[in-house]
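Asker: how would this look folded up:
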Amino acid sequence: MFGSRKPLGELPIPPDAQTDEDARELIRAWAAHRGLHCSLSVNNWGDNERTAWGILLTDIVRHIADAMHEQHGWDRAESIREIRRVFDAELNSPTAETSGKLEEEQEEK
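Answerer: Numbers count the residues shown, from 1 in each chain. Okay, the predicted model is just below:
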């Protein structure tokens with residue numbers, strides 16, 4: 001069925017997420033049609049939503065720096081500094097505008 005095909009290059013679900021009955025997916029991102037396409041799950045942390053997303057994004061950056069160190073031998077701290085530099089520049093002067101809309105979560109079948 002078309003709607004259920006596994007996307008090319010889909011990443012594995014981490015083992016701890018598979019074994020925790022309270023685990024939930026928070027973000028997916030794809031590079032497609034020369035742009036970024038995301039699915040997000042917001043409203044998970046109540047009044048702490050913005051703070052929690054800030055922590056989540058910083059955790060992701062540290063994981064990226066660890067992966068680049070493992071694969072390329074790049075210095076973790078330097079990778080984080082460069083990601084932070086570009087992050088701040090993009091927030092201050094985006095190279096592309098965001099688009100899209102919030103859609104209702106699909107029921108699992």
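Asker: Now do the helices in the protein.
Answerer: 15-19, 49-72, 76-92 (DSSP state H).
Asker: Mind putting these into TSV with mean pLDDT and mean neighbour count?
Answerer: For the C-beta atoms, the positions are set from N, CA and C on the backbone; glycine is no exception. Shown next, in TSV, are these (pLDDT from 0 to 100; neighbours: other Cβ atoms under 10 Å):
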stretch	mean pLDDT	mean neighbour count
helix 15-19	96	9
helix 49-72	98	13
helix 76-92	98	12
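Asker: now these as JSON lines including distance to residue 30?
Answerer: As requested, the helices of the chain are exported to JSON lines (distance: least, Cβ to Cβ, whole Å):
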{"stretch": "helix 15-19", "distance to residue 30": "19"}
{"stretch": "helix 49-72", "distance to residue 30": "15"}
{"stretch": "helix 76-92", "distance to residue 30": "18"}
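Asker: closest one to residue 34 among those?
Answerer: In terms of Cβ to Cβ, the element of the helices of the chain nearest to residue 34 is helix 76-92, at 16.6 Å.
Asker: Report all helices and strands that that closest one contacts.
Answerer: Using 3 or more Cβ pairs under 8 Å, 6 or more residues apart in numbering; DSSP states H and E, the elements in contact with helix 76-92 are helix 49-72.
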